[in-house]
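from the sequence below, what's the structure:
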Amino acid sequence: MERPGNLYQKLIFAAQSFLEETGRMPADAGELARHIDMDEGEILEVFPQFRTCTKVSSTTP
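From the prediction side, this is the model:
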């Protein structure tokens with residue numbers, strides 16, 4: 001596994017890239033992982049709080 005700082009930076013750039021390409025942030029760790037061809041488990045090791053996040057409807061005001 002990469003050093004934590006390198007992995008954080010990679011994930012930040014990946015989220016920024018996803019936002020620029022789609023106009024929204026990834027819905028969950030799995031969506032971000034697929035965007036950068038990375039294992040979702042690696043993302044969850046760095047950001048375990050994503051395990052308990054619930055998706056928010058885009059129609060919610």
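
what element comes up after the helix or strand containing residue 16 heading to the C-terminus?
Per DSSP states H and E, residue 16 falls inside helix 4-22. For helix 4-22, the following helix or strand on the C-terminal side (DSSP H and E) is helix 29-35.

and whichever helix or strand comes after that next one, what's buried?
Moving toward the C-terminus from helix 29-35, the first helix or strand encountered (DSSP H and E) is helix 40-46. Judged by neighbour count (16 or more other Cβ atoms under 10 Å), helix 40-46 contains these buried residues: 42, 43, 44. In short, each C-beta sits where N, CA and C put it, glycine included.

tell me which of those is nearest to residue 19?
Checking the buried residues of helix 40-46 against residue 19 by Cβ to Cβ gives residue 43 as the nearest, at 15.9 Å.

residues touching the closest one, list them.
Contacts here follow Cβ atoms under 8 Å, 6 or more residues apart in numbering; on that basis residue 43 touches 11, 29, 32, 33, 50.

which of the buried residues of helix 40-46 lies closest to residue 23?
When those are compared for distance to residue 23 (Cβ to Cβ), residue 43 comes out closest, at 21.2 Å.

okay, now residue 48: neighbour count?
Each residue near residue 48 was counted by other Cβ atoms under 10 Å, and the total is 10.

so how far is residue 23 from it?
Distance of residue 48 to residue 23, computed by Cβ to Cβ, to the nearest Å: 27 Å.

now residue 47
In this structure, residue 47 and residue 23 are separated by 22 Å, where distance is defined by Cβ to Cβ.
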